[in-house]
Structure formats: structure tokens, C-alpha cells
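Engineer: got a structure for you, letters missing:
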Ligand code: PGA
């Protein structure tokens, strides 16, 4: 089964609406590649102007977060219906920065994943170990736990459409990209775990990204691994280098 690669930018808390439009305009000629799904996950306030700037291109505009309730008294949160109305099809769920600074847990990640599917938004579900966990040799156990809770009550048909981003925390924003072997090993273990929860067909269909200091230089080797189906890209997604990552196969 051949899975279409998916490369998503995670802008994090960068770019004003005006800067967002300029960046989409700068990157759009560079990220044309029909063999890859291209997503720019942008701050909520940038979604509408970025969507407009990306019209008629292959760029999908996604969100970086979403709340798990439909609406109501949740000051400061963004609902799934708001994202859908703005044309959003992808949302990052449970990024390690959300877990570390905003108290997200495996349980809230699960609620958000279920809510995203209810609204037909594809979740990009993040998981990843800390340096201590890697050094203690518990990486795979930890990731399996994150995955098993994230997918609680998610149906097989939904799971097939999910995207998982494996992002070792020690590799995020540090310039320390995981070795190809480390990244492939964990992505393969995630696929095995999905196979255990569901079945082989679901495991074969689900897309698993690697994230953590991905660059135009490291992307070709990473994305050539059998279980790595693209990348979630932070720092390099704000630069022309993102075009090289998307065109890793050219
Ligand atoms: P980075 O960020 O590419 O800057 O390491 C990746 C991420 O946090 O998604």
C-alpha cells in the first residue's frame, strides 16, 4: 500500500496576519508538489487571511489547536465548528508544547481527537519522549501509552484517516534531529501499535510523520524510511527551506 506523503508546517506563535499573508505568498511557488499533501498549520488569527492567500494553490491551511467542546463558556478557546467554517481540514493535537505549557494530557488529547473526527477535521496527533525517557530506555513504552490513550474510542475508519506525528521532545527546536534509525524505529513501533489496536490494514493506511529539526538537508533520508510518511516542521516551515522539504523527492 502506498501512502501519500504529508508535510505540515507548524508556525507555532509566529507571524502576524500581515506577515502570514506575505509568507504564504513567498512560499507558494516553492511548495508546489502534487505527490505530497502540504499543510500550513498557523495561529488561529492567521487562518482566514492565510486561507485567502493560499486560494488556488496546493496549500491546505490547518490549525495548531482546537477545543473539545462544541461551544460556550470557554474563554479564549477555538471550537471545531469555527475551524470548519473557516475551511480548515487539519488540526495539530497534543503538541509537546501544548502538553508542557498548557497542561494538555493524553486524556484531553483523546477528547480533542474524537471531536476533530466528529467534525471531519483530520487530527495530526503528536507524541514523543523526553531526553530522560530516551536515556532510561522507555521511549517505546511511553509512545505506546500515548498512542493507546489518544485512540481510545476512535473507530477503525477514523483511525485510517488520522495522521500521527512522532516528535522526540529533545529534537524540537534544538537543531538535534533524531538519527534516521531512531526516527524509523519509533515510527515502525507506532505502526505496530496501531496494528494491535485495530488491524494490519489500518496500520498500513495511517500516516506517520517525523518531527524535530527537520530541514531540507535531512528530509530526503528521513522520508525515504519505510514507516516515515512525511514531517511536521517547525522552524524550517517559516523559511524557503520548507520548499526543499516538500520537494524532498525532486
Ligand atoms: P522544529 O519543530 O522543526 O523547529 O524542531 C517541530 C515541531 O515542534 O513541530
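Structural biologist: Alright, I've got the coordinates. Only a predicted model underlies this, so the values are computations on that prediction, with no experimental measurement involved.

Engineer: Low-confidence bits of this protein, can you list those?
Structural biologist: Within the chain, the stretches with pLDDT under 70 are 1.

Engineer: Around the ligand, pick out the residues from it.
Structural biologist: Residues of the chain lying close to the ligand by C-beta under 6 Å from any ligand atom are 10, 167, 172-173, 211-214, 232-236. Every residue, glycine included, has its C-beta placed from N, CA and C.

Engineer: now those as JSON lines including secondary structure and neighbour count?
Structural biologist: Below are the residues of the chain next to the ligand laid out as JSON lines (DSSP: H, G, I helix; E, B strand; the rest coil; neighbours: other C-beta atoms under 10 Å):
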{"residue": "10", "secondary structure": "strand", "neighbour count": "27"}
{"residue": "167", "secondary structure": "coil", "neighbour count": "28"}
{"residue": "172", "secondary structure": "coil", "neighbour count": "21"}
{"residue": "173", "secondary structure": "coil", "neighbour count": "12"}
{"residue": "211", "secondary structure": "strand", "neighbour count": "28"}
{"residue": "212", "secondary structure": "coil", "neighbour count": "28"}
{"residue": "213", "secondary structure": "coil", "neighbour count": "20"}
{"residue": "214", "secondary structure": "coil", "neighbour count": "30"}
{"residue": "232", "secondary structure": "strand", "neighbour count": "27"}
{"residue": "233", "secondary structure": "strand", "neighbour count": "30"}
{"residue": "234", "secondary structure": "coil", "neighbour count": "22"}
{"residue": "235", "secondary structure": "helix", "neighbour count": "20"}
{"residue": "236", "secondary structure": "helix", "neighbour count": "21"}
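
Engineer: Which single one of those is nearest to residue 224?
Structural biologist: Proximity of the residues of the chain next to the ligand to residue 224 (C-beta to C-beta) peaks at residue 214, which lies at 13.2 Å.

Engineer: Taking the residues of the chain next to the ligand together, which two end up most distant?
Structural biologist: In the residues of the chain next to the ligand, two members sit farther apart than any others by C-beta to C-beta. They are 167 and 236, at 13.7 Å.

Engineer: mind putting the residues of the chain next to the ligand in JSON lines, distance to residue 226 included?
Structural biologist: Formatted as JSON lines, those follow (distance: C-beta to C-beta, whole Å):
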{"residue": "10", "distance to residue 226": "24"}
{"residue": "167", "distance to residue 226": "19"}
{"residue": "172", "distance to residue 226": "24"}
{"residue": "173", "distance to residue 226": "27"}
{"residue": "211", "distance to residue 226": "18"}
{"residue": "212", "distance to residue 226": "19"}
{"residue": "213", "distance to residue 226": "21"}
{"residue": "214", "distance to residue 226": "18"}
{"residue": "232", "distance to residue 226": "18"}
{"residue": "233", "distance to residue 226": "20"}
{"residue": "234", "distance to residue 226": "24"}
{"residue": "235", "distance to residue 226": "26"}
{"residue": "236", "distance to residue 226": "23"}
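
Engineer: Which member of those residues is positioned nearest the ligand?
Structural biologist: Set against the ligand, the nearest of those by C-beta to the nearest ligand atom is residue 234 (2.2 Å).

Engineer: Could you list which residues are in contact with the nearest residue to the closest one once chain neighbours are set aside?
Structural biologist: Leaving aside its sequence neighbours, residue 234 sits nearest to residue 10 (C-beta to C-beta, 6 or more residues apart in numbering; 5.0 Å). Each residue near residue 10 by C-beta atoms under 8 Å, 6 or more residues apart in numbering is listed here: 41, 64, 92, 95, 211, 232, 233, 234, 237.

Engineer: Residue 175: neighbouring residues, count only.
Structural biologist: 9 (other C-beta atoms under 10 Å).

Engineer: That one: helix or strand, and which one exactly?
Structural biologist: Residue 175 belongs to no helix or strand when assigned by DSSP states H and E.

Engineer: Please name the bridge partners of the residue nearest to residue 234.
Structural biologist: residue 41 (DSSP bridges).
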